[in-house]
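Engineer: Quick one: sequence and predicted model below, then my questions.
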Amino acid sequence: MIEIKGVSKTFNQRIGGNYKALDDITLTINKGEFVSLLGPSGCGKSTVLNLVAGFDTQTEGTIQVNGKKVTGAGADRVVVFQEHGLFPWLTVLDNVAFGLKQKGIAKKERHEMAMEQIKSVHLSRFADRYPHELSGGMKQRAAIARALAMDPEILLMDEPFAALDEQTRLILHKELEEIWMRTRKTILFITHNIREAVILSDRVLVMSTRPGTIKKEFAVKAARPRESSDSVLHHMEALIMDALADELEKVVREETGDEYSIKKNDFSGTASDSLGGGI
Ligand SMILES: Nc1ncnc2c1ncn2[C@@H]1O[C@H](COP(=O)(O)OP(=O)(O)O)[C@@H](O)[C@H]1O
Ligand SMILES: [Mg+2]
């Protein structure tokens, strides 16, 4: 379980001085839950993830994992980034086994453990390939296998599919859902993609921008495995688009001043409350 209480983060920027990136973030992610943080670029999503990962420290507030304060990186949390971060000089097998080697696990055993995870992301035939010999989707699968090999309780995923083409992303959504249903890892998933957040998550937390706060929370009560045609998902998407529209309007105003204007209704207006489900 991840508990974030009253967390704020101020950066000291080269230009502009102190910059408040996060303001009073409070949220709890239960064990085994799949939660997405959704918001426009620059709203502080990665900052939240980095704090939970222990890569950085908050200016105010506390973050606890299973009742213990986060003071740095830990084996209970593994991060998957947009950039796969595989070592180019190692094969898929050796990349996935790398952390196990660091742990001192003997070669035969760590290769077996790594192969099990490589199978789970359907890359068995490519275990002996090097990263440059893989497609973008395959590289992300390998990165997920490497994270799973460490068997962390928590997976922290920072826009892991953002650089992939639409079709590959849809396939990886299916695969990640299968992995989650099988392992019941606690997943904090960062995305700016509404569809992705809705199709994967139990809960979607919409962030507001500058400074980042949690603006609204949506429970996605659709059956699993998720079907892309499920009307509950379409309805949730529309509700979330509505919640995000104000933020997008704000971003456009800040970035373009009065050179360009866009109204909330340009983004939203399709949500109806007939199906319920929003919080
Ligand atoms: N290390 C840093 N130093 C200064 N400013 C930062 C740093 N990291 C992030 N920021 C600023 O904080 C804001 C939020 O960044 P980030 O969490 O990366 O947003 P997101 O992941 O939602 O796109 C941005 O305006 C960014 O410029
Ligand atoms: Mg980010």
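Structural biologist: Happy to help now that I have it. This one's a predicted model, so the numbers in the text were calculated from it and none came from an experiment. Ligands and ions are numbered 1, 2, ... in the order given.

Engineer: where does stretch 148-163 sit relative to the chain's centre, distance-wise?
Structural biologist: When distances are taken as CA atoms, centre = their mean, to the nearest Å, stretch 148-163 is centred 7 Å away from the chain's centroid.

Engineer: ends of that stretch, how far apart?
Structural biologist: 21 Å (CA to CA, to the nearest Å).

Engineer: wait, does that stretch contact ligand 1?
Structural biologist: No - for stretch 148-163, no contact with ligand 1 is found by CB under 6 Å from any ligand atom; the gap never falls below 7.3 Å. Heads up, the C-betas are built off the backbone N, CA and C, glycines and all.

Engineer: which parts of that stretch are buried?
Structural biologist: Of the residues in stretch 148-163, those buried by neighbour count under the rule 16 or more other CB atoms under 10 Å are 148-150, 152-161.

Engineer: Nearest spatial neighbour of residue 88, chain-adjacent residues omitted?
Structural biologist: In space, residue 88 comes closest to residue 131 once its chain neighbours are excluded; the distance is 5.3 Å by CB to CB, 6 or more residues apart in numbering.

Engineer: got a list of what the one you found touches?
Structural biologist: For residue 131, the contact set (CB atoms under 8 Å, 6 or more residues apart in numbering) comprises 84, 86, 87, 88, 92, 95, 139, 142.

Engineer: can we see that at 7 Å?
Structural biologist: With contacts defined as CB atoms under 7 Å, 6 or more residues apart in numbering, the neighbours of residue 131 are 86, 88, 139.

Engineer: Just give the number of residues close to residue 239.
Structural biologist: Applying the criterion other CB atoms under 10 Å, we find 26 residues in the vicinity of residue 239.

Engineer: ok, it touching residue 218?
Structural biologist: Yes - under the criterion of CB atoms under 7 Å, residue 239 is in contact with residue 218, at a separation of 6.4 Å.

Engineer: Contact residues of the stretch 1-150 of the chain facing ligand 1?
Structural biologist: Within the stretch 1-150 of the chain, the positions near ligand 1 by CB under 6 Å from any ligand atom are 11, 13, 19, 21, 39, 41, 42, 43, 44, 45, 46, 47.

Engineer: got the contact list for the fifth one?
Structural biologist: The contact partners of residue 39, by CB under 7 Å, 6+ apart, come to 45, 192, 206, 207, 209, 212, 247.
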